[in-house]
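# missing the sequence, but the structure's below:
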């Protein structure tokens, strides 16, 4: 009986060991990650793969840096007054011609209150501010266009949109601060040098920070 029990025990141990190895091998094969490479996938193919394998999909870039001007474009519109006829050369020449017809001030101050005489100064100042605004914005957009978007792999669409929105907000705030600096510089220069205009009045420039409108 004892030899038979020993044989049965040994047989059971061998069978158990073989079964365990087979089961372990099957489990290992089932959880093993399979890597599939797709060369030069289209945007639609990548989107479909991302929707299905968002946590494991990896798409390295052949070019890790791309200038923003290759895919990112910002357009802007200045205030309507900047493109109106009130700032056109013809209108400024007309109102300046009227201004030059007055050689002396009216004793009652009529000259200073006549819009046709004081308008030239205001429209010229407004045209200058519009020109400064355009120059600041164009310079900021040129700097942005030449900057590089750097990433070594394709990112998700939602993350990309978020990055572009953050970039847009950053440059908008930068332009806004530049306007404030210019405004403060003009104000400080006028105050320091005690400048007076030809009308002997003291104009005040207001800058609305919410929309950066002058």
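It's in. Every value quoted in this text rests on a predicted model; they were computed, and no experiment measured them.
# what about the longest helix seen in the chain, average pLDDT?
Looking across the chain with DSSP state H, the single longest helix is helix 157-193. On average, the pLDDT along helix 157-193 is 82.
# which of the residues in that helix are buried?
167, 171, 175, 176, 178, 179, 182, 183, 186 (16 or more other Cβ atoms under 10 Å). Where C-beta positions appear, they are placed from N, C-alpha and C, glycine not excepted.
# right, and the helix or strand after the lowest-mean-pLDDT helix or strand in the chain?
Least confident helix or strand, the chain: helix 110-113 with a mean of 54, by mean pLDDT, DSSP states H and E. Per DSSP states H and E, the first helix or strand lying C-terminal to helix 110-113 is helix 115-146.
# what about that following helix, average pLDDT?
For helix 115-146, the mean confidence score works out to 84.
# next one: stretch 89-106
On average, stretch 89-106 scores 67.
# How about stretch 60-77?
So the average pLDDT for stretch 60-77 ends up being 86.
# quick one: buried residues of it?
residue 68.
# what's next to that stretch, contact-wise?
137, 141, 144-154, 164, 167-168, 171 (Cβ atoms under 8 Å, 6 or more residues apart in numbering).
# Quick one: end-to-end distance for it.
End-to-end distance of stretch 60-77 (Cα to Cα, to the nearest Å): 38 Å.
# got it, and stretch 143-152?
23 Å.
# Over to stretch 143-163?
17 Å.
# Just want the angle from the longest helix of the chain to helix 115-146.
Interaxial angle, helix 157-193 versus helix 115-146 (axes from the mean of the first three to the mean of the last three Cα atoms, to 10 degrees): 140 degrees.
# Show me what helix 157-193 packs onto, helices and strands only.
For helix 157-193, the elements it packs on are helix 115-146, judged by 3 or more Cβ pairs under 8 Å, 6 or more residues apart in numbering; DSSP states H and E.
# Please identify the buried residues of the helix it packs on?
By neighbour count on 16+ other Cβ under 10 Å, the buried set for helix 115-146 is 117-121, 123, 126-127, 129-130, 132-133, 136-137, 140-141, 144.
# same for that helix, what does it pack against?
helix 89-100, helix 157-193.
# how about a cut-off of 10 Å?
With contacts defined as 3 or more Cβ pairs under 10 Å, 6 or more residues apart in numbering; DSSP states H and E, the packing partners of helix 115-146 are strand 65-67, helix 89-100, helix 110-113, helix 157-193.
# strands paired with the following helix or strand past it, and their directions?
Once the chain leaves helix 115-146, the next helix or strand it forms, by DSSP H and E, is strand 148-150. With DSSP bridges as the test, strand 148-150 is paired with strand 65-67 (antiparallel).
# what sits against residue 160?
71, 149, 151, 154 (Cβ atoms under 10 Å, 6 or more residues apart in numbering).
# What confidence value was assigned to the second one?
Okay, so that is residue 149. 90.
# With the last one instead?
At residue 154 the predicted local distance difference test score is 84.
# Would you check how far apart it and residue 83 are?
From residue 154 across to residue 83, the span is 41 Å (Cβ to Cβ, to the nearest Å).
# Mind checking which of these two has more residues around it?
residue 154 (16 against 12; other Cβ atoms under 10 Å).
# Reformat the helices and strands packed on helix 115-146 as a markdown table; add distance to residue 34.
Shown next, in a markdown table, are those (distance: least, Cβ to Cβ, whole Å):
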| stretch | distance to residue 34 |
| --- | --- |
| strand 65-67 | 31 |
| helix 89-100 | 71 |
| helix 110-113 | 86 |
| helix 157-193 | 26 |
